[in-house]
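>>> The amino acid sequence is not available; the structure is as follows:
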């Protein structure tokens with residue numbers, strides 16, 4: 001009977017743990033930046049400011 005390779009098994013377990021941990025961190029980051037994140041009001045405010053500035057510029061350019 002063949003002797004078990006414990007080093008290989010341990011390395012495989014370590015890689016599985018590392019992969020699972022990275023997936024959890026990725027999911028956590030997606031939840032933080034995804035829908036319902038705290039950055040939405042700031043994004044809406046910036047978009048409104050940019051839209052107002054953009055509206056002013058074309059009329060200024062067409063008049064010039």
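Cool, got the structure. Everything numeric in this text was worked out from a predicted model, so none of it was measured.
>>> tell me, which helix in the chain spans the most residues?
Criterion DSSP state H: the longest helix present in the chain is helix 6-33.
>>> what's the burial count for residue 27?
Using other Cβ atoms under 10 Å, residue 27 has 11 other residues around it. C-beta here means a position set from N, CA and C on the backbone, and glycine is covered the same way.
>>> sec struct for residue 4, please.
coil (DSSP: H, G, I helix; E, B strand; the rest coil).
>>> From residue 21, how far out is it?
Separation of residue 4 from residue 21 (Cβ to Cβ, to the nearest Å) stands at 26 Å.
>>> Would you mind identifying the helix or strand in the protein with the lowest mean pLDDT?
helix 40-63 (a mean of 54; mean pLDDT, DSSP states H and E).
>>> count of neighbours near residue 16?
10.
>>> Kindly apply the preceding question to residue 28 instead.
What residue 28 shows, counting by other Cβ under 10 Å, is a neighbour count of 10.
>>> Can you name the residues that contact it?
Contact analysis of residue 28 by Cβ atoms under 8 Å, 6 or more residues apart in numbering lists nothing.
>>> same check, this time on the one 3 residues further on
Contact partners of residue 31, counting by Cβ under 8 Å, 6+ apart, are absent.
>>> Distance of residue 9 relative to residue 35?
Residue 9 is 41 Å from residue 35, by Cβ to Cβ.
>>> quick one: which of those two has more around it?
Applying other Cβ under 10 Å to residue 9 and residue 35 shows that residue 9 carries more neighbours, namely 10 against 7.
>>> where does that one land on pLDDT?
Note on residue 9: pLDDT of 97.
>>> And it, how far from residue 1?
16 Å.
>>> Likewise for residue 10?
20 Å.
>>> Looking at those two, which has the bigger crowd around it?
Taking neighbours as other Cβ under 10 Å, residue 10 and residue 1 compare with residue 10 leading, 10 against 3.
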